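# pasting the structure only:
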Ligand SMILES: [Zn+2]
């Protein structure tokens, strides 16, 4: 009789731990994919430093007809300077 009770307790304990670990697994915060922000905005990669920025936080600029998005004015200016320099050295 005692053995049966112990087995029942063991099974109950195992079920309890299983449920707890499943709960913990489900509770884990989702890792945001870099493509979208919490607001569902598109994430854009700064071509100068590689940082991802949301469209509303970005500094955009059209370079050679291509719209580019930057994390800061600094990056934008540096990138424009770099592109201008590349053009100079090539021609
Ligand atoms: Zn940047």
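It's in. As the structure is a prediction and not an experimental result, all values here were calculated from the model. Numbers count the residues shown, from 1 in each chain.
# can you list the domains in the protein?
What automatic domain parsing lists as the domains of the chain is 1-28, 43-90.
# is the ion contacted by stretch 44-62?
Yes. Applying CB under 5 Å from the ion, one finds stretch 44-62 touching the ion at 46, 49, 51. C-betas here are computed from N, CA, C, even on glycine.
# where does the chain come near the ion, residue by residue?
Checking the chain against the ion by CB under 5 Å from the ion, the hits are 46, 49, 51, 71, 75.
# for the closest residue to the second one other than its chain neighbours, helix, strand, or coil?
This points to residue 49. Leaving aside its sequence neighbours, residue 49 sits nearest to residue 75 (CB to CB, 6 or more residues apart in numbering; 5.4 Å). Here residue 75 is recorded as helix under DSSP: H, G, I helix; E, B strand; the rest coil.
# number of nearby residues for residue 75?
When counting by other CB atoms under 10 Å, one arrives at 22 neighbours for residue 75.
# With residue 2 instead?
Around residue 2 there are 6 other residues, counting by other CB under 10 Å.
# Tell me the spacing between it and residue 8.
11 Å (CB to CB, to the nearest Å).
# Whichever helix or strand residue 15 is part of: what's the following helix or strand?
Using DSSP states H and E, residue 15 sits in helix 2-27. Per DSSP H and E, the first helix or strand lying C-terminal to helix 2-27 is strand 43-45.
# Adjacent strands (with direction) for that following strand?
strand 52-54 (antiparallel) (DSSP bridges).
# Buried residues, stretch 74-84. List them.
75, 76, 79, 83 (16 or more other CB atoms under 10 Å).
# hang on, I meant stretch 84-91
Result for stretch 84-91 [16+ other CB under 10 Å]: no buried residues.
# thinking again about what came up before, of the buried residues of stretch 74-84, closest to the ion?
Proximity of these to the ion was ranked by CB to the ion; the top entry is residue 75 with 3.2 Å.
# Provide a list of residues in contact with that closest one.
Contact analysis of residue 75 by CB atoms under 8 Å, 6 or more residues apart in numbering lists 46, 48, 49, 51, 59.
# Show me which of those are buried.
Buried among the contacts of residue 75 (16+ other CB under 10 Å): 46, 48, 59.
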